Structures are given as C-alpha cells and as structure tokens.
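Novice: the amino acid sequence is not available; the structure is as follows:
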C-alpha cells in the first residue's frame with residue numbers, strides 16, 4: 001500500500017501526462033488552473049516528469065505558449081502513463097465500491113428508521 005502523499009503525487013503525474021498527451025501546446029498556467037495547483041507547484045511537477053524522462057520540452061514557434069514550448073510525452077512517458085492509468089482506475093474503482101457500500105448502508109439505516117414504530121407520548 002502506498003502512502004496518501006505518494007498517491008496524490010501519482011494522481012497529479014497522471015493528470016498532467018493526460019493533459020499533455022491531449023494538448024502538447026497547453027501552457028503551465030492552464031494546467032495549473034485545471035488541476036487547482038499553483039504554477040510553481042506545477043513547474044516542480046513538470047520538472048520531475050522531465051527528469052524521469054517521461055516528458056520532453058520542444059521549441060515550437062507556432063505555440064500559443066509565449067516561450068514557444070510544447071510538452072511531448074516520450075515513449076517511456078506513454079508507457080508510464082498507461083501504468084498510472086491502470087493504478088488510478090483501480091484506486092477509483094475501489095473508492096467507488098467503498099462509497100457505494102456506505103451509501104447502501106446509510107440508505108438501509110434511513111429506511112429502517114423511517115419504518116420503525118414511533119414512541120407515543122404519555
């Protein structure tokens with residue numbers, strides 16, 4: 001079992017890789033806004049992904065990014081994104097099942113409370 005912090009980091013990596021694969025021309029600011037993190041926090045994350053060899057930065061003169069960069073997933077990054085996707089999906093399915101069980105339990109409690117006889121005042 002991984003720590004909560006490691007899971008959050010992995011989820012962030014997954015989401016960033018997913019956004020970059022969908023739109024390599026996306027700016028750091030746009031990604032940060034979509035994720036609800038600071039631009040400096042996202043920069044730290046992108047640098048980690050670059051250092052891992054999962055993302056590379058390329059100059060691209062037609063980019064909307066004012067520095068003219070696009071972020072491209074490397075072949076290793078594509079493989080890692082697939083692995084992260086699998087782990088992310090497994091975690092989310094487990095969370096869904098736990099939430100569904102809790103909802104079913106609470107629904108049963110409400111139903112049994114609403115059908116229980118009420119005490120009469122003396």
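Specialist: It's in. What you are looking at is a predicted structure, and each value in this text was computed from that prediction instead of being measured. Residues are numbered from 1 along each chain as shown.
Novice: ok, and the closest non-adjacent residue to residue 81?
Specialist: Nearest non-adjacent residue to residue 81, counting by Cβ to Cβ, 6 or more residues apart in numbering: residue 17, 4.3 Å away. Backbone N, C-alpha and C define where each C-beta goes, glycine included.
Novice: settle this for me: the one you found is touching residue 52, isn't it.
Specialist: No - using Cβ atoms under 8 Å, residue 17 is not in contact with residue 52, being 10.5 Å away.
Novice: mutual contacts of these two, please.
Specialist: Counting by Cβ atoms under 8 Å, 6 or more residues apart in numbering, the common neighbours of residue 17 and residue 52 are residue 80.
Novice: more neighbours, the two?
Specialist: residue 17 (22 against 13; other Cβ atoms under 10 Å).
Novice: on the three-state scheme, the more buried one is what?
Specialist: Following DSSP: H, G, I helix; E, B strand; the rest coil, residue 17 is assigned to helix.
Novice: what's near enough to touch it?
Specialist: 49, 54, 55, 73, 77, 80, 81, 84.
Novice: so the second one touches residue 73, yeah?
Specialist: Yes - with contact defined as Cβ under 8 Å, residue 54 reaches residue 73; the gap is 6.6 Å.
Novice: before we move on, back to that, among the contacts of residue 17, which lie within strands?
Specialist: 55, 73 (DSSP state E).
Novice: would residue 71 count as being in a strand?
Specialist: Yes - assessed with three-state DSSP, residue 71 lies in a strand.
Novice: neighbours of it, how many?
Specialist: 26.
Novice: pLDDT score for it?
Specialist: pLDDT for residue 71: 90.
Novice: can you tell me how far the nearest residue to it once chain neighbours are set aside is from residue 56?
Specialist: Nearest residue to residue 71 in three dimensions, chain neighbours excluded: residue 20, at 4.6 Å (Cβ to Cβ, 6+ apart). Relative to residue 56, residue 20 is positioned 10 Å away (Cβ to Cβ, to the nearest Å).
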